[in-house]
Structure formats: structure tokens, C-alpha cells
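# Mind folding the following:
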Amino acid sequence: MFEKIFALLAGDEEPPELIDDELWLATLQSVPLLTALPPEKQNRLRVLAERFIQEKQFCGGDGLEPDAAMATRIATLACLPVLELGMDWLAPIREIVIYPAPFLVRHDAPDEFGVVHEGYEALSGEAWGHGTLVLAWPDVLESGWMDEGHNVVIHEIAHVLDNGNGAFNGFPPLHRSMDIGEWTREFTAAYESLNRQLDQGAVTLIDPYAATAPTEFFAVTSEYHFERPDILARAFPQVAKLMEEFYSGGR
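Predicted coordinates:
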């Protein structure tokens, strides 16, 4: 059974304070990525996180009962990528389902002979096209440490942004100031370069999972953009530049 903890509808009146000062301070202090933000950005992020909590439903799977601290941590990390883009980018999300551990998802895959084999894969996060974001709580706790570039919340939010054009293909809706041709050229070149490195047995700077599909390349490099931009700049400087332009709202 899923347990709803927030299902508030937006109205014309000023929304209530959903994150009190004590909880907000505790959230900032427990996530180095958030602690490092300037106070002005922290304040704007709090407003977005409260709106996220107000508009979305938080549910627990496998007996987990989400609390306000869980919702606040997830909402704050989820809103960080849209801090300069605006909340409309997160409109497709209707609910967040939190599991106490990596969850099993059925994935059927054909072999080299075309025979489809049924299987299950343990995942830490997944963004479903119909508006559900699924997260494993242990992986949420491991996000935001600015060490290895891992952030499951940002990864799944990146998929939501990516799907803004109606497909998970590593091509989100670009700002008017951005060059579509440059984005396509640089991301394609970087994606192909990463796959060549892996084919040659090289140890790559970024997570090899980025090489599985263009949509995963965008999601993984989004993680690095926020968590370890230095590594992304070393691995793919042009991608790092475009990521900065995209997540800054085209400025």
C-alpha cells in the first residue's frame, strides 16, 4: 500500500509554510550540495520546494511511511535543476513514490536471436512518462555529497526535463538563445567518444552508465553538472559549457 503524506491543492490564497525553519536548516546542513549554495539561492530554492510539496503527492512503497524530512529533502533536490528554469518544467510530475531499498522493475530484452527474455532489474530511481517519479531512499541519502557525482534525484529530474520534447532522447527543449545544431553536434560527439573509450577498455572520468543511451548521457552529465562540474569539464568541456547555459536558463 502507498501512504500519501502530501496531497495539497494549489489555491488562490497564499500557500501555508510547509517547511519550518528548523526542518529547512536541518535539510541544508545534511546535504553539502545545498549547504554550498549562496543564501539567495537557498531562499529561492525553499520557495520552490514548498510549492513542490504543495503540488505533488508523496507516497511510500513496501511499507515505508514518508515523513516531512524525506519530502523536504527530495523536493529541494528536485527543484535545484529548475532553480533558473522555473517550476513549469516539473509540471508533468504528479507523484513521488519512495521505496526503502532499490526496487525491482521488469525489463524484457531480446537476445541476439530475437528471443525475448523476461527479467527484473533493481533500480535506485526511475521517471515514468505518466508523471510518477520512483526513488530508493538510501540512494536519495547518498545524493548531494559532491564527491562522486552521484545524485539520483537530479538524474530522474533530468529525465523529466529531457522528455519535455515528448521523448527520452537526450534533447530537452532548448532556450531560444541556444543553438540546436551545436547541442546536437557536441552531445553526439561526446556520447560517441565515451562509447569508444569503453570499447577500448579505458577507465572513464564519468559513470559508464552514461554510455547506455543518449537520454542516460544527458541524465548522468546533469548529475555531474551539479555535483562535480570540475569532472564534467575535464571529460567533456563543450558539454559542460552547454549544460551551464541550459541550467542557467539560457543566460
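
# all contacts plus neighbour counts: C-alpha atoms, from now on.
Noted.

# what's the longest helix in this protein?
helix 180-199 (DSSP state H).

# Dump that helix to PDB, keeping only the CA atoms.
In PDB, the C-alpha atoms belonging to helix 180-199 read as follows (Å, rounded to 0.1, in the frame of the first residue of the first chain):
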ATOM      1  CA  ILE A 180      20.200  23.400 -31.600                       C
ATOM      2  CA  GLY A 181      22.900  22.400 -34.100                       C
ATOM      3  CA  GLU A 182      25.700  22.900 -31.500                       C
ATOM      4  CA  TRP A 183      23.800  20.900 -28.900                       C
ATOM      5  CA  THR A 184      23.300  18.000 -31.200                       C
ATOM      6  CA  ARG A 185      26.800  18.100 -32.500                       C
ATOM      7  CA  GLU A 186      28.600  18.300 -29.100                       C
ATOM      8  CA  PHE A 187      26.400  15.800 -27.300                       C
ATOM      9  CA  THR A 188      26.600  13.300 -30.100                       C
ATOM     10  CA  ALA A 189      30.400  13.600 -30.300                       C
ATOM     11  CA  ALA A 190      30.800  13.300 -26.500                       C
ATOM     12  CA  TYR A 191      28.400  10.300 -26.400                       C
ATOM     13  CA  GLU A 192      30.200   8.500 -29.200                       C
ATOM     14  CA  SER A 193      33.600   9.300 -27.600                       C
ATOM     15  CA  LEU A 194      32.500   7.800 -24.300                       C
ATOM     16  CA  ASN A 195      31.400   4.600 -26.000                       C
ATOM     17  CA  ARG A 196      34.700   4.400 -27.900                       C
ATOM     18  CA  GLN A 197      36.600   4.800 -24.600                       C
ATOM     19  CA  LEU A 198      34.600   2.000 -23.000                       C
ATOM     20  CA  ASP A 199      35.000  -0.300 -26.100                       C
END
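
# so residue 229 makes contact with residue 240?
Yes: the pair residue 229 / residue 240 is scored as a contact, 7.2 Å apart, by C-alpha atoms under 8 Å.

# How much space separates the spatially most central residue of the chain from residue 198?
Residue closest to the average C-alpha location in the chain (C-alpha atoms, centre = their mean): residue 154, at 2.2 Å. Going from residue 154 to residue 198 by C-alpha to C-alpha, to the nearest Å gives 24 Å.

# partner residues bridging residue 99?
residue 136 (DSSP bridges).

# That one: neighbour count?
Number of residues near residue 99 (other C-alpha atoms under 10 Å) recorded here: 24.

# could we number from 39 for the rest of this?
Okay, residue one is now 39; in that scheme the one you just asked about reads as residue 137.

# So, low pLDDT: which residues of the protein?
39-55, 141-142, 144-162 (pLDDT under 70).

# what's residue 88 sitting at in phi/psi?
phi -60, psi -40 (degrees, to the nearest 10).

# Identify the residue spatially nearest to it, adjacent ones excluded.
Distance criterion C-alpha to C-alpha, 6 or more residues apart in numbering; nearest residue to residue 88, sequence neighbours excluded, is residue 56 at 5.7 Å.

# count of neighbours near that neighbour?
19.

# and it, helix, strand or coil?
coil (DSSP: H, G, I helix; E, B strand; the rest coil).

# Next up, the contacts around it.
88, 91, 92 (C-alpha atoms under 8 Å, 6 or more residues apart in numbering).

# distance of it from residue 194?
Applying C-alpha to C-alpha to residue 56 and residue 194 gives a distance of 23 Å.

# Run through the residues that contact residue 265.
71, 182, 183, 184, 185, 186, 187, 188, 189.

# again, only using 6 Å
Neighbouring residues of residue 265 by C-alpha atoms under 6 Å, 6 or more residues apart in numbering: 184, 187.

# With only the CA atoms kept, save the helix or strand encompassing residue 259 in CSV.
Secondary structure assignment for residue 259, by DSSP states H and E: helix 252-265. The C-alpha trace of helix 252-265 is given here as CSV (Å, rounded to 0.1, in the frame of the first residue of the first chain):
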residue,chain,number,x,y,z
PRO,A,252,21.6,9.4,-25.2
THR,A,253,18.9,10.0,-22.5
GLU,A,254,21.2,8.5,-19.9
PHE,A,255,24.1,10.5,-21.1
PHE,A,256,22.0,13.7,-20.5
ALA,A,257,20.9,12.5,-17.1
VAL,A,258,24.3,11.4,-15.9
THR,A,259,26.0,14.6,-17.1
SER,A,260,23.3,16.6,-15.4
GLU,A,261,24.3,14.9,-12.2
TYR,A,262,27.9,15.9,-12.8
HIS,A,263,26.9,19.4,-13.7
PHE,A,264,25.6,20.0,-10.2
GLU,A,265,27.7,17.6,-8.1
